[in-house]
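Novice: what's the 3D shape of this:
(2 chains)
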Amino acid sequence: AQSVAQPEDQVNVAEGNPLTVKCTYSVSGNPYLFWYVQYPNRGLQFLLKYITGDNLVKGSYGFEAEFNKSQTSFHLKKPSALVSDSALYFCAVRSDSNYQLIWGAGTKLIIKP
Amino acid sequence: GAVVSQHPSRVICKSGTSVKIECRSLDFQATTMFWYRQFPKQSLMLMATSNEGSKATYEQGVEKDKFLINHASLTLSTLTVTSAHPEDSSFYICSARPGTGYSNQPQHFGDGTRLSIL
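Specialist: Numbering: from 1, shown residues only, chains lettered A, B, ... in the order given. You can find the predicted model right below:
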């Protein structure tokens, strides 16, 4: 069965510090991995994806994520957090043979000044 | 690019009213659109997958007669909540994906519709 785990409900980081939002997955076949961000009362915005190729993927707003096949992880990272990064972050996965995305529960990221 | 427009953004209406929500892909064609429901502080719950020119595929537990989906063109899908009741109050979000079949393109989301049934 396909699944996505975001083990942290909330992550607190001081502004200027690096941040990591964790995501692990389970899927049969080759994974397609995505990160989205949601601001209050808004839809989701696409940040980045991993399909194939370089394990380090760079996306919008200075975010990046590293695909680790052996650990089945796709953690979201940013070297220096901004207060404006505070939002809800979702990891999602699908296999290359299934069009349906499986969503993580979401992680609330709070960046304190 | 890849903009999805969802309308209306907020609806407040009386119990028993039917409400239609539109989802448009503005700068790309989408053979597949998705309708989600999101409860407060929770993840997205996929309600149905809308396929242009054919019947929508509903997830288990979602009443197809309650949530009518029409995907009549490559840029428009509509969700109609029929005879809405207070328990239908929620945040509904649509998404559209460029390409066809098992495209690896990401889904792009509308801004959601906050539905409040009094």
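Novice: Could you pull up the mean pLDDT of the helix or strand hosting residue B:11?
Specialist: Element membership for residue B:11 (DSSP states H and E) is strand B:10-13. The average of the pLDDT scores along strand B:10-13 is 96.
Novice: and what of stretch A:92-111?
Specialist: 88.
Novice: How far does it sit from its chain's centre?
Specialist: With C-alpha atoms, centre = their mean, to the nearest Å as the basis, stretch A:92-111 stands 8 Å off its chain's centre.
Novice: what residues are up against residue A:102?
Specialist: A:2-4, A:25, A:27, A:92-94 (C-beta atoms under 8 Å, 6 or more residues apart in numbering or on different chains). Backbone N, C-alpha and C define where each C-beta goes, glycine included.
Novice: Kindly recompute the last result at 6 Å.
Specialist: Residue A:102 is in contact with A:2, A:4, A:93, counting by C-beta atoms under 6 Å, 6 or more residues apart in numbering or on different chains.
Novice: same check, this time on residue B:108
Specialist: By C-beta under 6 Å, 6+ apart, the neighbours of residue B:108 are B:2, B:4, B:96.
Novice: Make CSV from these and add neighbour count and pLDDT to it.
Specialist: Compiled in CSV, these are given as follows (neighbours: other C-beta atoms under 10 Å in any protein chain shown; pLDDT from 0 to 100):
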residue, neighbour count, pLDDT
B:2, 17, 78
B:4, 24, 94
B:96, 31, 93
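Novice: Now name the helix or strand holding residue 41.
Specialist: Here I'm looking at chain A. Per DSSP H and E, residue A:41 falls between elements, in no helix or strand.
Novice: ah, I was thinking of chain B
Specialist: Residue B:41 is part of no helix or strand when elements are defined by DSSP H and E.
Novice: Next step: the contacts of residue B:108 restricted to strands.
Specialist: Taking DSSP state E, the ones among the contacts of residue B:108 that sit in strands are B:4, B:96.
Novice: what's the nearest residue to the residue in chain B that chain A sits nearest to if we skip its chain neighbours?
Specialist: Closest residue of chain B to chain A, C-beta to the nearest C-beta: residue B:109 (3.7 Å). The spatially closest residue to residue B:109, leaving aside those adjacent along the chain, is residue A:43, at 3.7 Å (C-beta to C-beta, 6 or more residues apart in numbering or on different chains).
Novice: How about residue A:57: which residues does it bridge to?
Specialist: When assigned by DSSP bridges, residue A:57 has beta-bridge partners residue A:65.
Novice: where does the closest residue in space to residue A:26 that isn't next to it in sequence fall, phi/psi-wise?
Specialist: Take residue A:26 and drop its neighbours on the chain: the residue closest to it by C-beta to C-beta, 6+ apart is residue A:3, 4.8 Å away. Per-residue torsions, residue A:3: phi -160, psi 160 (degrees, to the nearest 10).
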